[in-house]
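Trainee: here's a sequence, model it:
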Amino acid sequence: MKCFLYISFFLLVFFQNSFAQKEASNWYFGFKAGVNFSSGSPVAVPTGPMTADEGCATISDANGNLLFYTNGIEIWNKEHQLMQNGTNLNGEQSTTQAVIIVPQPGNDSIYYVFTNNTLQDADGAIWYSVVNMKRNNNLGSVTIKNVRLTPFTQYPTEKLTAVLH
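Mentor: As a prediction, the model looks like this:
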């Protein structure tokens with residue numbers, strides 16, 4: 001029985017650590033605020049230059065290393081500098097969920113940045129931009145920007161979400 005418990009404990013700890021995904025280890029939000037969860041406890045990281053009234057998004061790699069963050073209008077790299085070609089995205093500062101970052105399936109260097117606008121936007125469109133993290137000495141670059149995804153959204157909601165299929 002003891003042997004079974006030791007093996008079960010070892011397998012639980014081994015698999016928990018080997019499959020841990022830390023893409024959400026860093027959060028940047030609000031007015032130059034940030035939090036890092038890599039240690040298991042939240043640690044304040046007041047190094048980001050971003051201001052976001054409402055919607056923003058952050059992505060880290062599988063090891064928890066910051067890649068980039070955005071308020072839907074501008075994108076900052078891991079060095080807290082504006083990313084190459086990372087300005088003038090079609091998000092909006094006062095949209096409740098202005099932006100969401102989605103990794104391209106099967107590719108650890110390409111990310112889609114989806115943006116939307118406020119309820120006052122006449123057509124409620126959704127756009128996407130593409131970030132390639134292998135560009136600009138691995139600091140990333142926006143390679144495709146503001147591609148209109150929806151021609152018309154009759155009932156805009158200022159919300160975006162993504163689900164792993």
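Trainee: okay, now residue 104: neighbour count?
Mentor: Neighbour count for residue 104, taken as other C-beta atoms under 10 Å: 13. C-beta coordinates here come from the backbone N, C-alpha and C atoms, glycine included.
Trainee: distance of it from residue 97?
Mentor: Taking C-beta to C-beta, to the nearest Å as the measure, residue 104 falls 21 Å from residue 97.
Trainee: isn't residue 70 up against residue 112?
Mentor: No - using C-beta atoms under 8 Å, residue 70 makes no contact with residue 112, being 11.8 Å away.
Trainee: now for these two: what residues contact both?
Mentor: residue 101 (C-beta atoms under 8 Å, 6 or more residues apart in numbering).
Trainee: between those two, which one's more packed in?
Mentor: Neighbour comparison, residue 70 and residue 112: the larger count goes to residue 70, with 29 against 17 (by other C-beta under 10 Å).
Trainee: per-residue pLDDT of that one, please?
Mentor: You'll see residue 70 listed with a pLDDT of 91.
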